[in-house]
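Student: predicted model and sequence below, questions to follow.
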Amino acid sequence: MEHKHHKPVSGGKYLGHKNTVARSSAHSRPFAARKFNSISTPGASAPSRFSKPHTGGYKGRSSTGSHGDRPSSSGYKGASHSKPSYNRGGFSGGRGGGSRGGRGGFSQRIDISKFIKKAVITEQSEVFVPEHKFTDFMIDERLKKNILGRGYLVPTPIQDKIIPHILRGSDVVGIANTGTGKTAAFLIPLINKLLANPKQKIIVVVPTRELAIQIETEFKGFAPHLGMWAVCCVGGASIGPQMAALSRSFNVVIGTPGRLRDLIERNKIRLAEYSTIVLDEADRMLDMGFIADIRYMVSRMPKEKHTLFFSATMSDEIKTLISEFLKTPVSISVKTQDTSDRIDQDIIRVPGGKTKNDVLYELLAKPEFDKVIIFGKTKHGVERLSETLRSRGFAAESIHGNKSHGQRQKALKLFKDHHSKILVATDVAARGLDISGVSHVINYDLPATYDDYVHRIGRTGRANKTGKALTFV
């Protein structure tokens, strides 16, 4: 049983210099000392911590889960407000996965103060000074022409630091915030590698189908007229066309773990032929229970291979995977803080006499709420909320695990092209998506973990723009 949505909850890409604004001190101030904006209800009191219900789980495998190959975190069987479970017991049913995969379905207790932080934009901002320009890198002139043709002149910090190491063939670990140009950081040197040896094959593994499609699009942008092709293999889409594409000439496979494993087991992908693997958003894949599939793939590749590993966080589990998969890697970290200073963060309280949806309608009716992503915790809840918003006259679309691949891509396109101003989504939209101009992120339901919160709100405040993130508490 899910919470009713009328009931209050308890308890881009940038191309040149990246200007880093001065860090706000509000994030570290005591909760009682903060002044809330007009969205908060004066005088309301709240506990300093909120717990999220222990997530349920799925048994057995699904090819249409919210992330392409797995079920989303909507498998609740009743809500429990008891202390969440922190066991790391893995997931039931082999590759089926629990709602949070290998993490045993736990939820964090997140201090409410972490949802409050004022954006700080100062004239005296620190400016990143890169060591290179793209023309400085030792890459093929044809590739340089394509890069410059896209308007890329100066690399971002992760690109500046990590591209030279990948070009030298080193295994690398890249730790960087979302929206820092990480995709180009590995695609550019790998495309150069293919130009030097067109017979090589590369596999890129990512947690969600949306991220896989986005990487494929980026690849096409860098590789026109270079005689190379990529195949995108994701769950939720028909496997037939993907198998047909794999029977033709290609250089790169980009996909989600479950679908890639299906194709490997069908002998459509022969990993002995692949000399390079990219594990992108590795922390998210760990959370989603994909570790068995990743180990399966890595074990079937040649012993001598080039491994690129990217993550937004560096937990003990991630360190274990790095030691297992990589050989004397070069570690590059350009992550300076959890959330951008360009994101104005605050909480929303529901005053007496109003429902959660009443407050939401009032917010969305304001002209400054121009392009909004609303995050919910369950597939059914997200769909119900989007239908409710449409019935109230709002142009809203939804993305979640019960939507087909085509439906999800259509919803994203309508939102990106400004035909709809609201996208209601589960955490499938929390990572990897590069959607320009998102004015607000609203956490309608509390995220399961603080990392999820960081990635949710990272959809706004991109490309040196200021964004706003609001969380119902």
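Tutor: The structure has been received and is ready for your questions. Numbers count the residues shown, from 1 in each chain.
Student: hey, where'd the strands end up in the stretch 301-450 of the chain?
Tutor: Assigned by DSSP state E, counting those that start in this stretch, the strands in the stretch 301-450 of the chain fall at 306-311, 330-333, 343-348, 372-375, 396-399, 422-425, 440-443.
Student: distance-wise, check Val172 relative to Thr328.
Tutor: 11 Å (Cβ to Cβ, to the nearest Å). Placement of C-beta: from N, CA and C, glycine included.
Student: what do you get for Gly353?
Tutor: 63 Å.
Student: nearest residue to Ser386 in space, please, no chain neighbours.
Tutor: Distance criterion Cβ to Cβ, 6 or more residues apart in numbering; nearest residue to Ser386, sequence neighbours excluded, is Ser398 at 3.8 Å.
Student: residues in contact with that neighbour?
Tutor: Val382, Glu383, Leu385, Ser386, Ala411, Leu423, Val424, Ala425 (Cβ atoms under 8 Å, 6 or more residues apart in numbering).
Student: tell me the pLDDT of the fourth one.
Tutor: It stands for Ser386. pLDDT, Ser386: 97.
Student: isn't it up against Glu397?
Tutor: Yes: look at Ser386 against Glu397 with Cβ atoms under 8 Å: they come within range, at 6.7 Å.
Student: so what sits against both of the two?
Tutor: What both Ser386 and Glu397 touch, as defined by Cβ under 8 Å, 6+ apart, is the set Ile422, Val424.
Student: re the thing from before, more neighbours: Val172 and Thr328, which one.
Tutor: The residue with more neighbours, out of Val172 and Thr328, is Val172; 25 against 6, by other Cβ atoms under 10 Å.
Student: ok, now how distant is that one from Pro257?
Tutor: Counting by Cβ to Cβ, the gap from Val172 to Pro257 is 21 Å.
Student: ok, now Gly437?
Tutor: To Pro257, Gly437 is 31 Å away according to Cβ to Cβ.
Student: comparing the two, which residue is more hemmed in?
Tutor: Just comparing Gly437 and Pro257: by other Cβ under 10 Å the higher neighbour count belongs to Pro257, 27 against 14.
Student: contacting residues for the more buried one?
Tutor: Going by Cβ under 8 Å, 6+ apart, Pro257 touches Asp69, Val205, Pro207, Met285, Phe290, Asp293, Ile294, Met297.
Student: residue contacts, the nearest residue to it once chain neighbours are set aside?
Tutor: Leaving aside its sequence neighbours, Pro257 sits nearest to Asp293 (Cβ to Cβ, 6+ apart; 3.8 Å). By Cβ under 8 Å, 6+ apart, Asp293 lies in contact with Arg95, Pro257, Gly258, Leu260, Arg261.
Student: for the most centrally placed residue in the chain, give me the pLDDT.
Tutor: Nearest to the geometric centre of the chain sits Arg431, at 1.1 Å (Cα atoms, centre = their mean). Predicted confidence (pLDDT) for Arg431: 73.
Student: strands of the stretch 151-300 of the chain, start to end?
Tutor: Remark: strands assigned in the stretch 151-300 of the chain by DSSP E, counting those that start in this stretch are 172-175, 202-205, 230-233, 252-255, 276-279.
Student: output the last one as CSV, restricted to C-alpha atoms.
Tutor: Right, strand 276-279. Output in CSV follows, covering the C-alpha atoms of strand 276-279 (Å, rounded to 0.1, in the frame of the first residue of the first chain):
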residue,chain,number,x,y,z
THR,A,276,38.2,-1.7,-23.1
ILE,A,277,35.3,-1.4,-20.6
VAL,A,278,33.8,1.8,-19.1
LEU,A,279,31.8,1.4,-15.9
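Student: kind regards, and thank you for your time.
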